[in-house]
Structures are given as C-alpha cells and as structure tokens.
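S.K.: Take this sequence and fold it.
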Amino acid sequence: MHKLFLFAVLFLTGFVYAQENQGDLVLSNQKLAGGDGVVFKIPRWSPDGAKIALTGANFTGLFILNADGTDLRQISDEMSAGYNYNWSPDSRFISVTVARYEGAKRKEALKLFDLEMETSRLISDYVKPSARRLQAFTGANNLVVSETGAIKNIQTDEQTGREAKTAESGSKLICLIEGTDFSIYDPQSGVVEKMDPVPGAQYLTPVLSPDQNYLVFKVYGGTMQILNIKSKELTDLGSGHHPRWSPDSRWLVFERTADDGHELTSADLYIIDRNAQNVRPLMQTADVLEVNPDWSPLANEIVYENLTTGEINKIVLKALR
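M.R.: Purely as a prediction, here's the structure:
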C-alpha cells in the first residue's frame, strides 16, 4: 500500500511538473543544438521547412542545421552575421549583413551565401552602418535594399532551375524597416506605402503574414497589434514580444517576459489566434527563459531559443482548432 501511494505521488508530481512546463498543445519538445557552454540564438526556418539558421552569442557567425537537428555546420564566423539575415525563396541562399572595424570605425557590407555550392561572396562595399539596410529577396535572384532612404535592387547571379519560384516570390509584398518606422513595398509596381497605424508610436519587429493580408508588429512601450493591410483595421493582441506567424496565417507564436529593471526574470511562449480571441500557453517554466520563437512555414513545429542554457529547441504541436 505504501509503495502504491508513493507511486501515485511520484506520478502526480511528474504530471504537475509537465503541465507547469508545457501547455496541452505540445506533443514534444526536442533540443536541436547548443547548451553545455555553447550558445545559439535567433533560430529561423528556411522557406522549404527543411533547415534552420541560427547565430551565436552577440550575433557572431551564422550556422545551419537540418530540421531534425542533424548536420550542424558553420557558414560564417563574421561579426553581426546573425543579426540581419534573409533566406531566399528557394532556400538555397542566405543574405547577411556582416561588420568589421576599420580603426575605430565600424563598417558593414552585404554578403551572399550559396548553401548548395558552399560558396560566399560580398555583394556590396563596406559602408557606415546607417547608410544601408538589407530587406528581403524578391524572386530567387533579386535583393531589395534600402539605402539612405531609397529603395535599391541588387541583382545576384541567375541560377538555373530557379526561375519557377522567381515570379511567385517576386510578386510578394515586402515590409521595409527603417529604424522604428515601416512601409509596405510592392516590387511589381514599385509603390512604397508608409505605414503609421498608431500615430506617434514607434514600431518594432513588423512581420507580414504568409497570405500577405496582415502585418503584426509591437508598439514600443505598448502591445502587439495586427494591421489588416487592405482595411487598415487594427487588432490589439495584448502584451508580448517577437510574434511570428503560423503557415496558414491564423495563429501567432510569441513570448511574454518580465524583468527586474536589469535582467529578465521570466520568459514564456504562447500562441494566439489572429482575432485575439484565444491565447494558449506553450512553454511556461519558472527557471527557464524561452524567447525568439519561429513557426515552420510547412508544419505545426516551432523553434525557439532557450536563453538560460543557450540551446535551440523545437516544439511539435498538436493540430490547432
């Protein structure tokens, strides 16, 4: 009887622990990389859902690994390579902003990595950081850059067999980020529409939905908001940071944090539906800081950064309703 009671206590304790650490939507939570003194940050899925890019401490270097955590390899050890990078639509290329110091002056350049050929090359000169911002690919071989307030297209080498995806991706809208402001750029028409949905506010981490109909952003000092691109209607999502879309544009994953004025004291992951009617916990832990989530473009899988251990983890979700 005593053994049966002890088993029941242990079972229930384990059950409560599991419930405190992950919501009822989580099927599994797998470590992919990092830990034991190795720090990785900012995981981002490739458009085909097959690979994940990540960076190291202080955004130094860029790494690639398979979605199952195998074949981790470093493609750059350069300063700031992991701060501002973009996947090409066919998942073959990654464009990055790299930095170096020339004396006391910091300068930045744009660089292109070909993952298939395992090559890289500079696609711009080194200039002062404020002069240029890498934005996104339009098509498989065209990069959009904002350069001292103007939009500039940089042609990369045409690659055989990639033309089929060029037309489709070249027609997609791009969110141009300029400091704490943003605009929507239509690469087909060349029209740039400046957005100011909350007059006087500063905007952080704007991200377009996969269906191109919505844009989620964080108001500095305020809440997360969704902007309907066509109607300009706003939906307040409440508190949170770093929202990222599900592949069907119906849900977002995000983090909620608390701090003591100097350091984070808690950081947990949640999902919320686009209409802000359903908020559900994913990872809630008292002693682990979960941040910077990203949703797979193809599946109910989410990668995130474990800020406490330096690990990158992957959550597999149950079907969402």
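
S.K.: only C-alpha atoms for contact and neighbour calcs from this point on.
M.R.: Fine.

S.K.: Is it correct that Val288 is in contact with Glu311?
M.R.: No. Using CA atoms under 8 Å, Val288 is not in contact with Glu311, being 10.9 Å away.

S.K.: which secondary structure element contains Val96?
M.R.: strand 93-102 (DSSP states H and E).

S.K.: Okay, angle between whatever helix or strand comes next after that strand and strand 93-102 too, please.
M.R.: Downstream of strand 93-102, the next assigned helix or strand under DSSP H and E is strand 105-114. Our comparison of strand 105-114 with strand 93-102, counting by axes from the mean of the first three to the mean of the last three CA atoms, to 10 degrees, yields an angle of 160 degrees.

S.K.: Name the residues of strand 105-114 that are buried.
M.R.: Using 16 or more other CA atoms under 10 Å as the test for burial, strand 105-114 gives 107-114.

S.K.: confidence score at Thr13?
M.R.: We have a pLDDT of 35 for Thr13.

S.K.: could we number from 8 for the rest of this?
M.R.: Sure, I'll start counting at 8 from here, so that last one is Thr20.

S.K.: Please enumerate the helices of the protein.
M.R.: 9-28, 170-177 (DSSP state H).

S.K.: Mean pLDDT lowest where, among those?
M.R.: It's helix 9-28: among these, that one has the lowest mean pLDDT, namely a mean of 38.

S.K.: least trustworthy helix or strand in the protein by mean pLDDT?
M.R.: Across the helices and strands of the chain, mean pLDDT, DSSP states H and E gives its lowest value to helix 9-28, namely a mean of 38.

S.K.: Contact partners for Leu129?
M.R.: Residues counted as contacts of Leu129 (CA atoms under 8 Å, 6 or more residues apart in numbering) are 116-119.

S.K.: ok, now how distant is it from Ala116?
M.R.: 7 Å (CA to CA, to the nearest Å).

S.K.: try Glu262
M.R.: Noted for Glu262: a distance of 31 Å to Ala116, by CA to CA.

S.K.: With Thr230 instead?
M.R.: Taking CA to CA, one finds Thr230 at 34 Å from Ala116.

S.K.: Kindly report the same for Tyr133.
M.R.: Here the criterion is CA to CA. By it, Tyr133 lies 4 Å from Ala116.

S.K.: repeat for Glu85
M.R.: 11 Å.

S.K.: go on, Asp243?
M.R.: On the measure of CA to CA, Asp243 and Ala116 end up 37 Å apart.

S.K.: Gln284 now?
M.R.: From Gln284 to Ala116 the distance is 43 Å (CA to CA).

S.K.: Can you pull out the low-pLDDT segments for the stretch 58-207 of the chain?
M.R.: 137-139, 147, 155-156, 164-177 (pLDDT under 70).

S.K.: Swap in 90 and give it another go.
M.R.: 90-91, 116, 130-132, 134-179, 183-189, 194-197, 199, 207 (pLDDT under 90).

S.K.: in it, which spans are strands?
M.R.: Counting by DSSP state E, counting those that start in this stretch, the stretch 58-207 of the chain has strands at residues 58-63, 69-73, 80-83, 92-94, 100-109, 112-121, 126-129, 139-144, 149-154, 157-162, 181-185, 188-192, 199-202.

S.K.: Can you check which of the ones you listed gets nearest to Ala208?
M.R.: Distance to Ala208, taken as CA to CA, is lowest for strand 188-192 among the strands of the stretch 58-207 of the chain, at 8.8 Å.

S.K.: Strand partners (parallel or antiparallel) of the closest one?
M.R.: Each strand paired with strand 188-192, and its direction, by DSSP bridges: strand 181-185 (antiparallel), strand 199-202 (antiparallel).

S.K.: right, so these: which one is the most enclosed?
M.R.: Per residue and on average, the most neighbours among the strands paired with strand 188-192 fall to strand 181-185, with a mean of 20 (mean count of other CA atoms under 10 Å).

S.K.: tilt between that strand and strand 149-154?
M.R.: Using the same axes, to 10 degrees: strand 181-185 against strand 149-154 is 20 degrees.

S.K.: Just the residues contacting strand 181-185, thanks.
M.R.: 140, 142-143, 153, 156, 189-194, 213-215.

S.K.: Now for Val260: which residues touch it?
M.R.: 250-253, 276-279, 300-302.

S.K.: for Gly89, phi and psi?
M.R.: phi -90, psi 10 (degrees, to the nearest 10).

S.K.: Contact partners for Gly89?
M.R.: Counted by CA under 8 Å, 6+ apart, Gly89 has contacts 49, 61-63, 66-69, 103-104.

S.K.: what about the residue nearest to Thr163 when sequence neighbours are not counted, how many residues close to it?
M.R.: Nearest non-adjacent residue to Thr163, counting by CA to CA, 6 or more residues apart in numbering: Asn148, 5.1 Å away. Neighbour count of Asn148, defined by other CA atoms under 10 Å: 20.

S.K.: And Asn148, how close does it get to Tyr133?
M.R.: Counting by CA to CA, the gap from Asn148 to Tyr133 is 21 Å.
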